[in-house]
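Asks: Quick one, fold the following:
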Amino acid sequence: MAIEAHETWRELFSKWPASIPKRGVLVSTLNEAMPFKSFFIKGDTLLLERTNPDAIGARFIILGFDAIHMLKLVDPLKEEAFTAAGFVGHFAKL
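Replies: Below is the predicted model:
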């Protein structure tokens, strides 16, 4: 049985490691970029606290995990932060 993408997103946000700041840019399946500085989880939904209000003044966004396309992390991070989040592998050694 294949794991659905929304389940992977829910697991990532639910088990967010303390070593990764709760901020970044989430890109929706509608290609909307949403910068955030914190988040909450309720069931199948994610509540994002925006870094700044959007063009219409919205400060918070609530969306389903099935609407997430991509997550961009804005802080410099070490390999250990990603392995704590469940990722497997190694960064290139220069």
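Asks: tell me which element the residue nearest in space to the middle of the chain falls in.
Replies: Residue closest to the mean C-alpha point of the chain, counted by CA atoms, centre = their mean, is Leu71 at 4.9 Å. Using DSSP states H and E, Leu71 maps to strand 68-72.
Asks: what's the offset of the next helix or strand after that strand from the middle of its chain?
Replies: Moving toward the C-terminus from strand 68-72, the next helix or strand (DSSP H and E) is helix 79-84. Distance of helix 79-84 from the chain centroid (CA atoms, centre = their mean, to the nearest Å) equals 15 Å.
Asks: what does helix 79-84 rub up against?
Replies: Pro17, Ser19, Ile20, His90, Phe91 (CB atoms under 8 Å, 6 or more residues apart in numbering). The way it works is simple: take the backbone N, C-alpha and C, and place the C-beta from them, glycine included.
Asks: Quick check: buried residues in the helix or strand where Ile41 lies?
Replies: Taking DSSP H and E as the definition, Ile41 sits inside strand 33-42. Residues Met34, Phe36, Phe39 are the ones in strand 33-42 that count as buried (16 or more other CB atoms under 10 Å).
Asks: okay, those residues in JSON lines with distance to Ala55 and pLDDT next?
Replies: Shown next, in JSON lines, are these (distance: CB to CB, whole Å; pLDDT from 0 to 100):
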{"residue": "Met34", "distance to Ala55": "12", "pLDDT": "96"}
{"residue": "Phe36", "distance to Ala55": "16", "pLDDT": "98"}
{"residue": "Phe39", "distance to Ala55": "21", "pLDDT": "98"}
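Asks: Separate out the buried members of the contacts of helix 79-84.
Replies: Ile20.
Asks: Rebuild the contacts of helix 79-84 as TSV, extending it with distance to Arg50, secondary structure and pLDDT.
Replies: Rendered in TSV, the data for the contacts of helix 79-84 read as follows (distance: CB to CB, whole Å; DSSP: H, G, I helix; E, B strand; the rest coil; pLDDT from 0 to 100):
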residue	distance to Arg50	secondary structure	pLDDT
Pro17	22	coil	94
Ser19	23	coil	93
Ile20	19	coil	96
His90	34	coil	91
Phe91	30	coil	92
